[in-house]
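Undergrad: Curious how this folds, go ahead:
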Amino acid sequence: ASRWRPPEEERRQALLVKRQLQASLEEEVRKLRLQLKKERQETADASRQLRDRIDQERREEASLQMRITEAELGGWEKTFEVSAVHREVQEKTKEILEAMQDLREQQQQSFKQA
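TA: Predicted coordinates for the structure are as follows:
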């Protein structure tokens, strides 16, 4: 059986429920903002690490390219070394491309989550 309440009591009760709901929603928004801030920082850190890795790979690639050129200028007796260095360059180039792809995918994931 429902208890009769004066209209004033019902309004107070409804107001209390609304305030509790508002406080709950505000807390959820606060938590979500903190989570978003954390995820953005993690994405920025990961992006920076990948950019650093790409830069390092590019420097290594340039160094390997120089070794190839030096080996080629040294004559055909160094063909084996040239092949090895060439393979290294190809591997490093592949790593660079993979790192760039990883960076793109992480950025796309971050934008989807945001």
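Undergrad: Go through the protein and flag its longest helix.
TA: When the chain is parsed with DSSP state H, its longest helix is helix 7-73.
Undergrad: which secondary structure elements does the next helix or strand after it contact?
TA: In the C-terminal direction, the helix or strand that comes right after helix 7-73 (DSSP states H and E) is helix 79-113. Contacts defined by 3 or more C-beta pairs under 8 Å, 6 or more residues apart in numbering; DSSP states H and E place helix 79-113 against helix 7-73. Any C-beta I mention is one placed from the backbone N, CA and C, and that applies to glycine too.
Undergrad: now the angle from the helix it packs on to helix 79-113?
TA: Counting by axes from the mean of the first three to the mean of the last three C-alpha atoms, to 10 degrees, helix 7-73 lies at 170 degrees to helix 79-113.
Undergrad: next one: helix 7-73 to chain centre, how far?
TA: Relative to its parent chain, helix 7-73 has a centroid offset of 7 Å by C-alpha atoms, centre = their mean, to the nearest Å.
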